[in-house]
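K.L.:
What shape does this take:
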Amino acid sequence: MRALALVQLMLATSSPLLPGWGTTVFDGWPPERFQHMPDKAVRILFGRVAINAECGQALWPEVIEACSDPTTSLLVMPDPCKFPETDDYARLMCHEIAHLPPNNWPGNHPR
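P.N.:
Numbering: from 1, shown residues only. As a prediction, this is how the structure comes out:
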């Protein structure tokens, strides 16, 4: 099974996370001791609809860009396919998401 098959793409339907979980600006990299990969499956929701539903609303003029809930291992992230093609990580994520339902881009596509 592909590792990214664990990623669940779905519209957000639950209540917003607690205030304070969202990121409105990039605060820099976390200290190295906090940069380890999760030790269990993580559910990821993508896109503005999910961000608004799960992360809540910031006070104008700020906009919440992403959030996470450590109690449920939920990440809510912007749509990687909306980033410039020069962003290697976003390009990789967009490529792999294209293989998942409902997209179902065949794995034997031209390289």
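K.L.:
all contacts plus neighbour counts: C-alpha atoms, from now on.
P.N.:
OK.
K.L.:
Keeping just the C-alphas, turn the helix of greatest length in the chain into CSV.
P.N.:
Longest helix in the chain by number of residues (criterion: DSSP state H): helix 88-97. Extracted C-alpha coordinates of helix 88-97, given in CSV (Å, rounded to 0.1, in the frame of the first residue of the first chain):
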residue,chain,number,x,y,z
ASP,A,88,9.1,20.9,-5.1
TYR,A,89,7.2,19.7,-2.0
ALA,A,90,3.9,21.0,-3.2
ARG,A,91,4.5,19.6,-6.7
LEU,A,92,5.3,16.2,-5.1
MET,A,93,2.1,16.3,-3.0
CYS,A,94,-0.1,17.4,-5.9
HIS,A,95,1.3,14.6,-8.0
GLU,A,96,0.6,11.9,-5.4
ILE,A,97,-2.8,13.3,-4.6
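K.L.:
what are the ranges of the helices in the protein?
P.N.:
Remark: helices assigned in the chain by DSSP H are 48-55, 88-97.
K.L.:
before we move on, back to that, can you list contacts of the longest helix of the chain?
P.N.:
By CA atoms under 8 Å, 6 or more residues apart in numbering, the residues outside helix 88-97 that reach it are 4, 80-81, 83-85, 103.
K.L.:
Among these, list the two that are farthest apart in space.
P.N.:
Leu4 and Pro84 (21.3 Å; CA to CA).
K.L.:
show me what contacts the residue nearest the centre of the chain?
P.N.:
In the chain, the centroid-proximal residue (CA atoms, centre = their mean) is Met77; its distance is 2.8 Å. Met77 sits next to 44-47, 51, 65-67 when contact means CA under 8 Å, 6+ apart.
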